[in-house]
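**Q** Next comes the sequence, and after it the predicted model I'd like to discuss.
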Amino acid sequence: MSDSVNRARAFEVLTATPVRSRRAPRDWSDDDKARLVSETLLPGANTSAIARAAGLDPSQLYGWRRKALASGSIAPLEKAYYATYATLAHELTHWTKHKNRLDRELGRKKWGDEGYAREKLVAELGAAFLCADLELTPEPGADHAAYIQGWLKVLKEDKRAIFSAAAHAQRAADFLHGLQSVADTKEGAAA
């Protein structure tokens, strides 16, 4: 037998605390909850950023806001604004396709072609994702019927088109969320 087999080996066992340990639950007072929820209602507020700045999971703050809306302790946004925000979210999703942003090229050559329909589907899904993040439920617009014909053609020809469009839309929503930092949210809240 060789010397390497008979030689004693020593192993050192490393122990460490997990990098991502659970935080001890915090009891939030009703006043603290109300203050944080009211911050989310300010124009330009980013609920996720406000939650992170307070050391909360965003879903917790969204839950508090839903309860406050359901109880009537805060007034919901007027539904008239929902369509405006949905249109803005749609156009901002288009804005992310530029080569200096997400560089999304879906083959558009002219208005109304297959590439145009694909980009419209991405923009509409992106708007839906952003509206869901903002807890807005806009009504379908009159122009949606015209877009659906183009989407149907694309979806019939490519069974994976919806998955591709959803992935592009999620990247756009994430990109737009990333533009608003915690510092920007605090400045908006102070104004």
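**A** Okay, I see it.
**Q** which parts of the host helix or strand of Ala132 are buried?
**A** For Ala132, the host element (DSSP states H and E) is helix 114-133. Neighbour counts over helix 114-133 (16 or more other Cβ atoms under 10 Å) mark 114, 116-131, 133 as buried. Every C-beta, even on glycine, is put in place using the N, C-alpha and C of the backbone.
**Q** and the closest residue to Val122 other than its chain neighbours, how many neighbours does it have?
**A** Distances taken as Cβ to Cβ, 6 or more residues apart in numbering place His168 nearest to Val122, at 4.5 Å, with adjacent residues excluded. For His168, the neighbour count with other Cβ atoms under 10 Å is 23.
**Q** Now the element after the helix holding Ala132, going C-ward?
**A** Next along from helix 114-133, by DSSP H and E: helix 144-157.
**Q** And that following helix, how far out from the chain middle?
**A** What separates the centre of helix 144-157 from the centre of its chain is 25 Å, taken as Cα atoms, centre = their mean, to the nearest Å.
**Q** And for stretch 122-137?
**A** Using Cα atoms, centre = their mean, the offset of stretch 122-137 from its chain centre is 8 Å.
**Q** I'd like the distance from the helix holding Ala132 to the chain centre, please.
**A** Taking mean C-alpha positions (Cα atoms, centre = their mean), helix 114-133 and its chain are 13 Å apart.
**Q** if I pick Thr137, what's in contact with it?
**A** 82, 131 (Cβ atoms under 8 Å, 6 or more residues apart in numbering).
**Q** burial count for Lys109?
**A** By other Cβ under 10 Å, the residues close to Lys109 number 8.
**Q** Whichever strand or helix holds the residue nearest to Val122 to helix 144-157, inter-axis angle?
**A** Under the criterion of DSSP H and E, His168 resides in helix 161-178. Angle of helix 161-178 versus helix 144-157, following axes from the mean of the first three to the mean of the last three Cα atoms, to 10 degrees, is 120 degrees.
**Q** what's the offset of helix 161-178 from the middle of its chain?
**A** Relative to where its chain is centred, helix 161-178 has its mean C-alpha point 9 Å off (Cα atoms, centre = their mean).
**Q** Could you work out the end-to-end span of stretch 51-63 for me?
**A** For stretch 51-63, the first and last residues are 11 Å from each other (Cα to Cα, to the nearest Å).
**Q** and that stretch, which residues are buried?
**A** Taking 16+ other Cβ under 10 Å as the criterion, stretch 51-63 shows 51, 53, 56, 58, 61-62 as buried.
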